[in-house]
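Engineer: can't give you the sequence, but here's the structure:
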Ligand code: SF4
């Protein structure tokens, strides 16, 4: 499909508005990652694979990829609390439950409880599979996200598969995600300054964030799911008991901001990340083929006489099926001019490679710019 014919990505309204101001064109939708009809679920008769390096990797139907507790910054929490659409009630109530539990909540927003973060850090094998790791905003009914309209930076930029393979992953995961994450943090702190937070709670918040960066040992009350009252009072200052009001105020401050204002508030780091994201967006929209190519480093996952499944940029999540004869013809790509390699493949192997397929092999890093090369089997 031509890039221009691809539908635009569905992002939260606020982020979508900002990114329309940042990028010169739309962001193409990642149509291969189908949240409503998840492509990562096993079909009838297939068994859930046990390890991520198994030949076929599936998500658990009762979690899909949502084995993650999102960090909802104060203005996002406020947007959720202000949304009185009856259809949104289950999502709003999942946020109210986190608020009531008080675990991980602060004027900056709702963070995953420390004990959950520990599980998450060591739970790579549980990703997409463990019910215990499931997000509190995941709705059993329909297997949907309860806070989809206001999902945060990780949730709105993570995909199991990318239409443009490594190019898409670079845009979403390595450029847009860190940009939005930085924006969220900067805006959340800006809200507190605008609301004239006192120095004591600000100091406590800055301390807490420095401590979480340093991965301090867990405290007993954190493991027991309790909140230490004195520490809680210090964090909230005069807003203690009016936590939901604070979040709503933050939403009212952030919702009208333009992207230019976000850039000014976020300072040099947001501006630098915006520049990186703009370049990644330009690459995402560029479908040209490099003048010279070499075979990339891939794993041969499943070798068949006609089709071979290879894993390249994404290991188990997004393998690519390549015609086996074509895979052997890739040796012609050895850094010589692409047009010469294509001509010799046609002359010597009788294979005519269409431009779309070459583009796909490049996107999936099966072909790369000269420098990195080598095919190895899954047993290596
Ligand atoms: S917030 Fe929504 S998208 Fe994010 S992990 Fe939870 S259910 Fe999934």
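Structural biologist: All right, it came through fine. These figures come from a predicted structure and were not determined experimentally.

Engineer: residues from the stretch 151-300 of the chain in reach of the ligand?
Structural biologist: Within the stretch 151-300 of the chain, the positions near the ligand by CB under 6 Å from any ligand atom are 151, 155. C-beta coordinates here come from the backbone N, C-alpha and C atoms, glycine included.

Engineer: in the stretch 151-300 of the chain, which spans are helices?
Structural biologist: 153-157, 166-169, 177-194, 199-213, 220-223, 229-236, 243-254, 259-285 (DSSP state H, counting those that start in this stretch).

Engineer: Mean neighbour count for these - can I get that in JSON lines?
Structural biologist: Shown next, in JSON lines, are the helices of the stretch 151-300 of the chain (neighbours: other CB atoms under 10 Å):
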{"stretch": "helix 153-157", "mean neighbour count": "21"}
{"stretch": "helix 166-169", "mean neighbour count": "22"}
{"stretch": "helix 177-194", "mean neighbour count": "20"}
{"stretch": "helix 199-213", "mean neighbour count": "14"}
{"stretch": "helix 220-223", "mean neighbour count": "13"}
{"stretch": "helix 229-236", "mean neighbour count": "15"}
{"stretch": "helix 243-254", "mean neighbour count": "20"}
{"stretch": "helix 259-285", "mean neighbour count": "16"}
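
Engineer: Out of those, the one nearest residue 99 is which?
Structural biologist: helix 243-254 (6.3 Å; CB to CB).

Engineer: which strands and helices sit next to that closest one?
Structural biologist: helix 74-82, helix 177-194 (3 or more CB pairs under 8 Å, 6 or more residues apart in numbering; DSSP states H and E).

Engineer: could these go into a markdown table alongside mean pLDDT?
Structural biologist: Listed next are the helices and strands packed on helix 243-254 as a markdown table, based on pLDDT from 0 to 100:
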| stretch | mean pLDDT |
| --- | --- |
| helix 74-82 | 98 |
| helix 177-194 | 98 |
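
Engineer: Now render these as a markdown table, adding distance to residue 112.
Structural biologist: A markdown table is the format used below for the helices and strands packed on helix 243-254 (distance: least, CB to CB, whole Å):
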| stretch | distance to residue 112 |
| --- | --- |
| helix 74-82 | 14 |
| helix 177-194 | 14 |
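
Engineer: Spit out the contact partners of residue 307.
Structural biologist: Counting by CB atoms under 8 Å, 6 or more residues apart in numbering, residue 307 touches 321-324.

Engineer: show me what contacts whichever residue of the stretch 151-300 of the chain sits closest to the ligand?
Structural biologist: As assessed by CB to the nearest ligand atom, the ligand sits closest to residue 155 within the stretch 151-300 of the chain, at 3.3 Å. Residue 155 is in contact with 68, 70, 145, counting by CB under 8 Å, 6+ apart.

Engineer: Tell me, how many residues neighbour the second one?
Structural biologist: It stands for residue 70. By other CB atoms under 10 Å, 23 other residues sit near residue 70.

Engineer: ok, now how distant is it from residue 184?
Structural biologist: 11 Å (CB to CB, to the nearest Å).

Engineer: what sits in contact with each of those two?
Structural biologist: residue 152.

Engineer: mind listing the strands for the stretch 251-380 of the chain?
Structural biologist: 292-295, 297-303, 307-311, 320-323, 334-337, 367-368, 374-377 (DSSP state E, counting those that start in this stretch).

Engineer: Could you dump those strands into a markdown table with mean pLDDT added?
Structural biologist: Listed next are the strands of the stretch 251-380 of the chain as a markdown table, based on pLDDT from 0 to 100:
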| stretch | mean pLDDT |
| --- | --- |
| strand 292-295 | 96 |
| strand 297-303 | 90 |
| strand 307-311 | 94 |
| strand 320-323 | 94 |
| strand 334-337 | 96 |
| strand 367-368 | 96 |
| strand 374-377 | 49 |
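
Engineer: Out of those, which is closest to residue 15?
Structural biologist: strand 320-323 (29.8 Å).
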